[in-house]
Every structure is written in C-alpha cells, then in structure tokens.
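Show me the folded form of this:
(one chain, ligands or ions: 2)
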Amino acid sequence: MKNTKKIKQQIKDEVYNFNHIGSWFFDEHLLGVEENANFLLENLPEANKEIVVLGVWLHDLQRIRGIKGDHQKVGAQEAEKVLNEYGYKQDVIEKVKKMILCHSCEGVMPKTLEEKILASADAMSHYYNDFYIRIATLGQRNLEEFREWAMEKLERDYNKKIAFAFAKEKIKSNHDILVNLFNMK
Ligand SMILES: [Fe+2]
Ligand SMILES: [Fe+2]
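Ligands and ions are numbered 1, 2, ... in the order given. Below is the predicted model:
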C-alpha cells in the first residue's frame with residue numbers, strides 16, 4: 001500500500017478511536033476535503049498531488065489529537081512526526097508543514113499552488129454535508145454566538161481561503177443560502 005493510503009487509514013483510525021469530535025470529522029470533513037482537493041487538482045494538473053494529499057490527511061491533527069495550542073503550529077508539528085515515521089524526505093516534510101501553517105489563512109496566507117489548493121479545499125468542504133449543524137449542535141456557543149461565528153467563517157472561507165474563481169463559482173449558491181440562513185432572525 002502506498003504511504004499516503006496508509007496515512008489516510010491511520011488518521012481514520014485516530015479519529016474513530018479518539019472519538020472526542022465524532023467520526024463525522026473523518027467521514028464528512030476529511031473525505032470532503034479530499035473530494036474538493038481532487039476536483040481542484042483535476043483543474044490544476046501542474047500542482048504536486050502528493051504534497052496536497054499529505055496536507056489533506058494531516059492538516060487538522062491539532063484538532064484530531066485534541067492538543068492545546070495554536071491550530072496551525074501544533075498541526076504542523078504533529079504532521080512532521082507522522083511524516084518522519086513514514087520516512088519522508090526533509091523537502092517533502094518542509095512543504096507539508098508550510099502548507100499546514102497557512103491552511104486557516106490566519107496570519108500567513110497561502111502562497112504556493114499546493115498551499116492554495118489545501119486552503120481552498122478545506123473551505124469548500126464546509127459548504128457540503130452537515131458541517132454547520134455539526135458545529136452548532138456541539139453546544140459550545142449559544143445561538144447568537146454561533147450566528148456570529150458562522151458568518152465570520154463563511155466570510156473568511158469565501159473571501160480569503162478559496163483562492164480560485166472557478167472554485168468560488170462551484171460553491172456560490174450554497175454560500176448564498178448559508179449567509180441568508182444565518183442572517184435570518
Ligand atoms: Fe484546520
Ligand atoms: Fe480542515
């Protein structure tokens with residue numbers, strides 16, 4: 001089995017076994033990011049597919065492993081550990097870490113094509129499945145706080161994280177529906 005397949009299985013096992021978020025995080029979020037990354041890669045064949053795929057599986061390790069601290073920085077450190085365990089070369093490790101360090105578009109923005117693909121695919125995944133319902137029902141925010149959080153996230157996803165016009169076009173109608181929904185009183 002290829003290393004990327006083994007890593008995908010390892011991450012699935014981690015999400016399922018350390019089930020503090022719920023298996024939906026793999027089944028809906030990570031598989032959703034994979035699907036959107038594949039859609040972007042089909043349209044951007046010059047991108048390095050292996051780097052993007054590694055980013056798909058490893059970008060949210062801070063959340064998956066439930067480690068306190070900065071989402072992007074801790075995630076990059078944990079990704080480095082996994083990549084070392086699988087014997088990846090230093091240049092691959094550096095590229096994946098850099099990609100994770102900007103995937104939320106908070107602070108550093110994505111610059112390379114692969115970084116833009118991961119941030120875009122991550123944001124696009126929020127427009128499918130039950131992402132907002134899942135977060136709303138975690139019960140961490142009251143309705144007003146949730147509305148505010150959701151509107152801020154939608155704005156960042158659409159305007160900052162999705163880097164390609166053709167990708168924005170694909171999720172535009174879902175974006176408009178969600179914005180109207182969260183604006184409803
Ligand atoms: Fe993330
Ligand atoms: Fe993510």
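
Going by C-alpha atoms from here, please, whenever you check contacts or count neighbours.
Will do.

Residue ranges in this protein under the pLDDT threshold?
Where the chain drops to pLDDT under 70, the residues are 1, 185.

So which residues of it form helices?
Listed in chain order, the helices of the chain (DSSP state H) span 3-17, 24, 31-43, 49-58, 61-65, 71-85, 90-101, 113-125, 131-136, 143-156, 165-183.

Pick out the residue nearest the middle of this protein.
Nearest to the mean C-alpha position of the chain, counting by CA atoms, centre = their mean, stands Asp122 at 3.3 Å.

Give me the neighbour count for the residue nearest to that one when sequence neighbours are not counted.
Excluding its sequence neighbours, the residue lying closest to Asp122 (CA to CA, 6 or more residues apart in numbering) is Val33, at 5.2 Å. Counted by other CA atoms under 10 Å, the residues lying close to Val33 total 26.

What separation is there between Val33 and Asp60?
Distance of Val33 to Asp60, given as CA to CA, to the nearest Å: 11 Å.

same question, Lys8
Taking CA to CA, one finds Lys8 at 13 Å from Asp60.

before we move on, what about Gln9?
15 Å.

ok so, going back, looking at the helices of the chain, spot the one closest to Gly107.
Ranking the helices of the chain by proximity to Gly107 (CA to CA) places helix 90-101 first, at 9.1 Å.

Could you tell me the angle between that closest one and helix 49-58?
Put simply, helix 90-101 runs at 50 degrees to helix 49-58, going by axes from the mean of the first three to the mean of the last three CA atoms, to 10 degrees.

who has more neighbours, Gln9 and Asp60?
Using other CA under 10 Å as the criterion, Gln9 and Asp60 rank with Asp60 on top: 25 against 13.

Give me the nearest residue to the more buried one, chain neighbours excluded.
In space, Asp60 is closest to Gly75, 6.0 Å off (CA to CA, 6+ apart).
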